[in-house]
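Engineer: For reference, the sequence and a predicted model appear below.
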Amino acid sequence: MNAPYIHGRRRTFSASAAVDTQNAILTAIKTEDAATWLDIGRVLGKSDDRAAAYANTASPIDLPTFLAGCHEWGGRFADPLLALAGGRWADAGAVCSGDEAAALTIANLLPAIIAIEADNVTEPRELMPHEVLIRRVNALTCAWLEMIAAEKVRGQ
């Protein structure tokens, strides 16, 4: 059978790579947040020893546990794991940046912000006409921050 929607390009990864990534993510979150295994376990709906085992052994997390981590930490938790399968975290209702370059999106907002701030007072009514562009810039910078967090996890 040769159907591209069924037999698309496959990304392969080993189960051990997934578990190693899971271990690194949980350990990094614990360190960065100055959390305990009890704190991590509470988020994941598990005991502290189970949370520690997820970060220090070859024990893979189950789907409900993965979803609990996604709920609490979003892309910071999910991106490194989803990247193994070619995916990436996006918040529900996230604004797609489209094909426009990020620098151009920010550059389009800059003149409006300069004009708004000219009197040293920024009011909501001045910002409202630029809401869509402000949201696009916010989505871009949030995505960049998530990328930075994911890279920090991978780099440890």
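Structural biologist: Noted; the coordinates are in hand. What you see is a predicted model, and the numbers here were worked out from it, not measured in a lab.

Engineer: So which bits of stretch 18-32 are buried?
Structural biologist: Buried residues in stretch 18-32, counted by 16 or more other C-beta atoms under 10 Å: Ala18, Val19, Thr21, Gln22, Asn23, Ala24, Ile25, Leu26, Thr27, Ala28, Ile29, Lys30. All C-beta spots, glycine's among them, are computed from the backbone N, C-alpha and C.

Engineer: And for it, what's in contact with it?
Structural biologist: 35-37, 39-40, 51, 54-61, 69, 73, 76-77, 80-81, 84, 152-154, 156 (C-beta atoms under 8 Å, 6 or more residues apart in numbering).

Engineer: Among those, which lie within helices?
Structural biologist: Judged by DSSP state H, helices contain the following of the contacts of stretch 18-32: 37, 39-40, 51, 54-56, 69, 73, 76-77, 80-81, 152-154.

Engineer: wait, which of those residues is closest to Ala115?
Structural biologist: Arg76 (35.3 Å; C-beta to C-beta).

Engineer: does Phe66 really touch Trp73, like I thought?
Structural biologist: No: counting by C-beta atoms under 8 Å, Phe66 stays clear of Trp73, with 10.9 Å between them.

Engineer: Got a ChimeraX select line for the buried ones in the ones in helices among the contacts of stretch 18-32?
Structural biologist: In ChimeraX syntax, the buried subset of those is picked out as below (16+ other C-beta under 10 Å):
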select :37,40,51,54,55,69,73,76,77,80,81,153
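
Engineer: Looking at the ones in helices among the contacts of stretch 18-32, which one is closest to Ala103?
Structural biologist: Once C-beta to C-beta is applied, the member of these that ends up nearest Ala103 is Lys152, at 23.4 Å.

Engineer: What distance do you get for that closest one to Pro111?
Structural biologist: 34 Å (C-beta to C-beta, to the nearest Å).

Engineer: likewise Gly41?
Structural biologist: From Gly41 over to Pro111 the distance is 50 Å, taken as C-beta to C-beta.

Engineer: quick one, which of those two is more surrounded?
Structural biologist: Gly41 (20 against 9; other C-beta atoms under 10 Å).

Engineer: so what's Glu138 up against?
Structural biologist: Glu isn't right for residue 138; it's Asn. If a contact means C-beta under 8 Å, 6+ apart, then Asn138 has no contacts.

Engineer: Show me where this protein has its helices.
Structural biologist: So, for the chain - with DSSP H - the helices run 15-32, 37-44, 48-56, 63-73, 75-83, 102-116, 124-127, 131-155.
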